[in-house]
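Peer 1: quick one: sequence and predicted model below, then my questions.
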Amino acid sequence: DNLYSHIVFLLKPLSRDNNRLICMNPYFVSNLLTEGAYNVVREAVKGTRKEQVLPEVWGDAFEKYIHLIFNETFGRLYHDNIQSPRGSDSIDGIIELNKSVLLIETKYPHWSYEARVTGRRDAVKAFILKFARYKPYKDRPGGKERKKKKGFGQIKQFIEDYNEGNYANKYDFSDKKIVPVVVLGESFPFDPLNIELMMNHIEDQNCMLRQENIGYPIILSAEEVEVIQSLVEAKDVDLFESIFLKYSNEMN
């Protein structure tokens, strides 16, 4: 057995010591209170025909929730359900501001226990691949090739279609900075090592376009989207844009 495994603390993040409660990790507590219900149901249906229903419904509900916030926050500046020139779904949304355009894709991939507890690089990469995929991919040697683009890969495809003039009658982003934004249901750690790993993977997956007007890929959590809503309601859209662009430029 692995003596350093923290999986037990994912299930029981609080331990009693006489009259005191000891918290191994505050994140484990918040995770149990929020995603814990999801994991209980997921384990109950694991191995059944309904195993894939829960993540699909959960992801759809999260996408609709983020859409609702963006729609209430930005009104006519927000466009959703973008269709590709081929008639299929493209990206989830576009926020057109004065100086910038935010291209939005919403994802709710789930961390594996291995990635969350051990931090193994290959396990973390498997998580990143769920929101940053452009090239065809096989999840194992000899496995079926997956061609569907994900997250930042979908945003890149939209930009390529835009550059080819396929959206000429709908959008004009000239003189504006284009910022790829993926909203994640489960947060991504923003320490230097994990950021470097994520950016290396985005490069390997060819998810970025080398254009002067395209900004650094940005990840937002649901909590940050809610903060954006509060900021815009309390102040205005221009203040949010100035703060967001400053953050984007610093990430570069």
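Peer 2: On my side now, so go ahead.

Peer 1: ok, and the closest non-adjacent residue to residue 28?
Peer 2: Of all residues beyond its chain neighbours, the one nearest residue 28 is residue 13 (3.7 Å), with distances taken as Cβ to Cβ, 6 or more residues apart in numbering. (Glycine included, C-beta is placed from N, CA and C.)

Peer 1: count of neighbours near that neighbour?
Peer 2: 22 (other Cβ atoms under 10 Å).

Peer 1: against residue 41, how distant is it?
Peer 2: In this structure, residue 13 and residue 41 are 19 Å apart, going by Cβ to Cβ, to the nearest Å.

Peer 1: ok, now residue 144?
Peer 2: Counting by Cβ to Cβ, the separation of residue 144 from residue 41 is 27 Å.

Peer 1: out of those two, which sits in the more crowded spot?
Peer 2: Neighbours were tallied for residue 144 and for residue 41 using other Cβ under 10 Å; the higher tally belongs to residue 41 (13 against 9).

Peer 1: beta partners for the spatially most central residue of the chain?
Peer 2: Centroid-nearest residue in the chain: residue 184, 2.8 Å away (criterion: Cα atoms, centre = their mean). Beta-bridge pairing of residue 184 under DSSP bridges involves residue 107, residue 221.

Peer 1: now do it against residue 248, distance only.
Peer 2: Here the distance between residue 184 and residue 248 works out to 17 Å (Cβ to Cβ).

Peer 1: then residue 16?
Peer 2: Taking Cβ to Cβ, one finds residue 16 at 45 Å from residue 248.

Peer 1: more neighbours, those two?
Peer 2: Just comparing residue 16 and residue 248: by other Cβ under 10 Å the higher neighbour count belongs to residue 248, 19 against 8.
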